Each structure stands twice: as structure tokens, then as C-alpha cells.
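Peer 1: Please find the sequence and the predicted model below.
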Amino acid sequence: MSTRPAGAGSPNGGSGAKVTFETLARKKASGEHIVMVTAYDHPGARAAEVAGVDIVLVGDSAAMTVLGYDSTVSVTVDEMLMLTAAVRRGLATALLVGDLPFGSYEASDEQAVRTAQRFVKEGGVDAVKIERGGTTTQRARAIVAAGIPVMGHVGLTPQSVGALGGYRAQGRTAEAALRVAADARALEEAGCFALVFEAIPSDATAAIVPQLSVPVIGIGAGPSVDGQVLVFHDLLGIHEGHQARFVKRYAELGQATIDGIRAYADEVRSGAYPAPEHGYAMATGEAERLRAELGHKF
């Protein structure tokens, strides 16, 4: 469905094989956990590729992590497409999924298909992701019917966080968990190849996942899923501000970045940088000749 960058690529899990939808289905069947991470630019995509993840999601979380918005609802289709195309150029083996942003698919099946087609043609995605059940189920069905694979997303859905009463876990009662299960089943029946479960109690996830036949990727949904996803900036300690309880920081690159820039600034101000080894030399005798010529002309 998309053009691969020539010469790009690195082993995925040591195999070097392109991850496909069949790959994910086999992983679920065999109990092999699926690794998914977000990325928003070419360097992030290259890092994910070299690390050998299975799926890279260009999430609408880019609104906050790289574009400075207060929530995901502000990001536009054009902004997401620019980021998605950059990520595409950094991947060869990982499956690429793009988030359809708020307001780009809800109005009608026609709008949903048109937006999804742009993500395939302009962003180079292998699949798109949309949030919620309800009317989104029909949108998923329409996009799948148009030949574009869809990943669903249930539980805490950031695009509708206002209607959910804030960033809080979903499915904490049996009745609420049944609604999550119904949304998940409806999206599966609409043809979604996989689902994201976000901020759902572990007990609820453990009860629901065995009822589904497609891979389920969790984020704050406990261990009873087929894979996990974390936001690039969260897991690497780059993002400032509130951290959800499910986030585990595997590095502290944010502080390392600040320390590096501060050290550079200190050396510039003190004159320690640049040192002689950071510059270039003219050919022998050319500096004297230059000075002589400048003396004649100026």
C-alpha cells in the first residue's frame, strides 16, 4: 500500500522481515507480544525501526508532544500528514499506522474514506486508526470497504475526553466494561484488524480480550493484551507535565538534552567552543596571500 524508502531498514525482532497484518495475527495466535510505539518525525521513526518494533503509530498525541497544543483535538489533517510522511521515510519493516484527527472522519462515511485515502496517498500509511465505538463503527466499516485497513480504539479516547469527563479510566464498573466490550466487538465486526485498549482496568481487559479474535494493543490496560504501546516522548522522558500512571520511563532524554544544550551555551559564552580542531585550515601560504591581497584592496 505504500512505497518503502530505498536502502532503509533494520531487523525487526532480528528477522528483517516486513511486518504485515498476517504477522500480527500470527503473533496473537502464538502468544508472542506485539510492540508498538508512537513516532512523529524521521529521527524518531529511524530509532523505532532500528530498535525493531512491530508497529509505529503516528498518533494525534503529536498535538501535545511536538506541536504544543493543549489537547489532541486541535491538530489538523495537514499537520498530521506532514508528520506521517516524515515517519514513512524512516521506516522499512515496521507497520505504519496513522491517527485520523478529530473532525476528519465523524461527519460521514464519505468524509472518513476521503481522509483515510489522503493518509495512504500522502502519508504512506499501511493503516489508519480511529477512536470510539458507536457511529465510528460505521465509519470503520466504510473505510475497510474502501480497501484501507483500520485499527480501532476504545476505552479512554482522547478525542472525546470532554464527553468522558476527563482523562480517567473507563470500564470501572461491570456495566461500563460491558459498553467497552460492545464497542470492541462492533469494531471487530466492522473489519478492524486490531484494537487499542486505553486506560481500562486490568480485570476488565482480562475478561474482554478472550472474546475477541483480533490483536489487542494495550496502553494502561494491564498485561492481558496481545501487545503494548507507549508514547515516544513519555517512555524516553522527553515530555514535560503530567504523566499517566501507566507510563514507564525507560530513559531521561529530556534532562540529557537540557544538559547538553546548557554545556554548549556555557562553552560558547566562555570562548571554549569552537576549539582549533572544530575549524578548517587554508592551504599552505594561502592565508598570507589573502591578507596581502586584502591589504591592497581595502
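Peer 2: Cool, the structure landed. Nothing here was measured: the structure is a model prediction, and the numbers come from that model.

Peer 1: Just to check, Val53 is in contact with Met36?
Peer 2: Yes - judged on Cβ atoms under 8 Å, Val53 makes contact with Met36 at a distance of 6.6 Å. Where C-beta positions appear, they are placed from N, C-alpha and C, glycine not excepted.

Peer 1: what's the spatially most central residue of the chain sitting at in phi/psi?
Peer 2: Closest to where the C-alpha atoms of the chain average out (Cα atoms, centre = their mean) is Thr38, at 2.2 Å. Dihedral angles of Thr38 (phi, psi; degrees, to the nearest 10) stand at phi -90, psi 160.

Peer 1: Test my guess that it contacts Phe232.
Peer 2: Yes - using Cβ under 8 Å, Thr38 is in contact with Phe232, at 4.9 Å.

Peer 1: Pull up the overlap in contacts between these two.
Peer 2: Taking Cβ atoms under 8 Å, 6 or more residues apart in numbering as the criterion, Thr38 and Phe232 both touch Thr65.

Peer 1: burial measure for Gly271, as a count.
Peer 2: 8 (other Cβ atoms under 10 Å).

Peer 1: typed the wrong thing, it's Ala174
Peer 2: Counted with other Cβ under 10 Å, the neighbours of Ala174 add up to 9.

Peer 1: So for it, what pLDDT did the model give?
Peer 2: For Ala174, the model assigns a pLDDT of 96.

Peer 1: List the residues that contact it.
Peer 2: Ala174 neighbours (Cβ under 8 Å, 6+ apart): none.

Peer 1: wait, is Val229 part of a strand?
Peer 2: Yes - when classified by DSSP: H, G, I helix; E, B strand; the rest coil, Val229 is found to be part of a strand.

Peer 1: Just to check, it is in contact with Ile217?
Peer 2: Yes - the criterion here is Cβ under 8 Å, and Val229 meets it with Ile217 at 5.1 Å.

Peer 1: what do those two both touch?
Peer 2: What both Val229 and Ile217 touch, as defined by Cβ under 8 Å, 6+ apart, is the set Met36, Ile55, Val196.

Peer 1: so can I have TSV of the residues you listed showing pLDDT, neighbour count and distance to Ala25?
Peer 2: As requested, the shared contacts of Val229 and Ile217 are exported to TSV (pLDDT from 0 to 100; neighbours: other Cβ atoms under 10 Å; distance: Cβ to Cβ, whole Å):
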residue	pLDDT	neighbour count	distance to Ala25
Met36	98	25	15
Ile55	98	25	13
Val196	97	28	16
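
Peer 1: Okay, and which of these map to strands?
Peer 2: Met36, Ile55, Val196 (DSSP state E).

Peer 1: what's the closest of the residues you listed to Tyr69?
Peer 2: Closest to Tyr69 out of these is Val196 (20.7 Å), distances taken as Cβ to Cβ.

Peer 1: Tell me what the closest one is bridged to.
Peer 2: Per DSSP bridges, residues listed as beta-bridge partners of Val196: His153, Ile217.

Peer 1: pLDDT below threshold where in the stretch 51-200 of the chain?
Peer 2: 160-167 (pLDDT under 70).
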